[in-house]
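In: Pasting the sequence and the predicted coordinates here, then a few questions.
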Amino acid sequence: MNKISKYMVYVYIAPIIVSLYFIYNTGYLLGDFRSYSYNLDFTEASSIFLFYILPLLFIYYMVKISGHVYIYDCENKRLDVIFFRLLLLTGVITLLFGANQIGQVAQSGFSGLMIKIASKLNPLAILPLLTFSAISHRKFLVSVLIVIFFSYMQHSLQGIFISILCIGAYYIVNNKINKITLNFLFLLPLIFIGPLLDLISYVYTLRNEMRGVAFDSNEILSLAIGRISTTSSLIEILHNNYFSQSVSDFFSLGIMLERLLGITLFDTTSPSNIFNLAIVGQDAGYSIFMGMPGFLAFLMKGDITSFIFNVIIISLVLVSIYLLIPVFNRRYRIVAFFLIMYLSFLSFDVWEISIAFQTVVLWRIILLFNNLSFRRI
């Protein structure tokens, strides 16, 4: 396994291990469930860990096998230029017109149209794409600042989080580092846990002040770990009944069709809809991540036919996203896919996956209109 692959395994697996360790030792869940006491034993912790790993392995081998499909892609140099320009465009639009804030009504009129264009281009997905390109250090830094600014205008922490992950990946790809240095990088969050918590506390305070929400700074560790893991959601789903039978049989297909074509053919009531309605209510202005294991556990409690159908649809969409991602360097295709999809996998709200699908389709259309040459892989 090469260094960048180890890094991707680390960013996916480390939050799971840390969250299980925290719950096991404190006797409390994390994030939005931090007030819930829970006695987690070693056997259940091991089962939960496997419940996380197996779906990720399934997706990995699924996209790896689909990589043998012949597709057409673009010349590397021109891709660097056009995606950096697209990111600059989103930055200019955000600077002039702002962004849709989390939990707020979307703007209308010309400003709303421009904001929607920036959102469709999806800077939080462009940055991971550029991470594996030949972009210069200066342009990459500019790209990171644009994504953080975009996230700030949305009153969200997602842009900061994905920027940190991309900086780590960019450093590994563009520097010759040995195993000792790589392991040191993996231990950095633990080594600098004090300053890191202070920084996280400051960022949370800034975000919540913008949203008009208060939080206890003493709970920052639980909030931070709960933000990057969905272990608590999975435990909550496994031990409670949230009317899984209310999920639409064809919600994933309905969501994809509505996102891509703007037509509503099927009911789109998804596990995330029902779960969040039960936990935070309809007017909360935010949602709780279920995560992939929580999503699957929720579906498995319902109708088995619905489970199989929706898993197949989502799997086909994920393969399509993988194949449509423009390649700067073919050996980075899989790690680029997992970095681009990180936030979508973290929430595993099918609406989020549909946004990623819409984004890569839009990228392809833009590339075609720019008369880029294509080659067979």
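Out: Yep, it's here.

In: Extract the residue ranges of the stretch 201-350 of the chain that are flagged as low pLDDT.
Out: Applying pLDDT under 70 to the stretch 201-350 of the chain picks out residues 202, 204-218, 244-245, 283-285.

In: Helices along that one, start to end?
Out: Along the stretch 201-350 of the chain, the stretches classed as helices by DSSP state H, counting those that start in this stretch are 220-228, 231-238, 251-261, 271-279, 291-300, 304-324, 333-340, 342-347, 350-369.

In: outside of the fourth one, which residues touch it?
Out: In other words, helix 271-279. 32, 233, 236-237, 242-244, 246-247, 284, 287-288, 290, 294-295, 298-299, 347-351 (CB atoms under 8 Å, 6 or more residues apart in numbering). Any C-beta I mention is one placed from the backbone N, CA and C, and that applies to glycine too.

In: what's the spacing between stretch 353-370 and its chain's center?
Out: 17 Å (CA atoms, centre = their mean, to the nearest Å).

In: mind listing what's buried in it?
Out: I353, S354, I355, A356, F357, Q358, T359, V360, L362, W363, R364, L367 (16 or more other CB atoms under 10 Å).

In: now it: mean pLDDT?
Out: In this model, stretch 353-370 carries a mean pLDDT of 89.

In: cool, and stretch 114-129?
Out: Regarding stretch 114-129, the rounded mean pLDDT is 92.

In: do stretch 5-23 as well
Out: Averaging pLDDT along stretch 5-23 yields 92.

In: Off-centre distance for it?
Out: Its chain's C-alpha centre and that of stretch 5-23 lie 15 Å apart, by CA atoms, centre = their mean.

In: can you redo the helices of the stretch 201-350 of the chain as a markdown table with distance to P15?
Out: Compiled in a markdown table, the helices of the stretch 201-350 of the chain are given as follows (distance: least, CB to CB, whole Å):
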| stretch | distance to P15 |
| --- | --- |
| helix 220-228 | 4 |
| helix 231-238 | 8 |
| helix 251-261 | 25 |
| helix 271-279 | 19 |
| helix 291-300 | 10 |
| helix 304-324 | 21 |
| helix 333-340 | 14 |
| helix 342-347 | 9 |
| helix 350-369 | 18 |
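
In: nearest to F132, of those?
Out: Across the helices of the stretch 201-350 of the chain, F132 has its closest neighbour in helix 333-340 (4.9 Å, CB to CB).

In: Distance from the chain centre to that closest one, please.
Out: Relative to its chain's centre, helix 333-340 lies at 11 Å (CA atoms, centre = their mean).

In: about what we covered before: quick one: which of the buried residues of stretch 353-370 is nearest K139?
Out: Lowest distance from K139 to the buried residues of stretch 353-370 (CB to CB) belongs to W363, with 18.2 Å.
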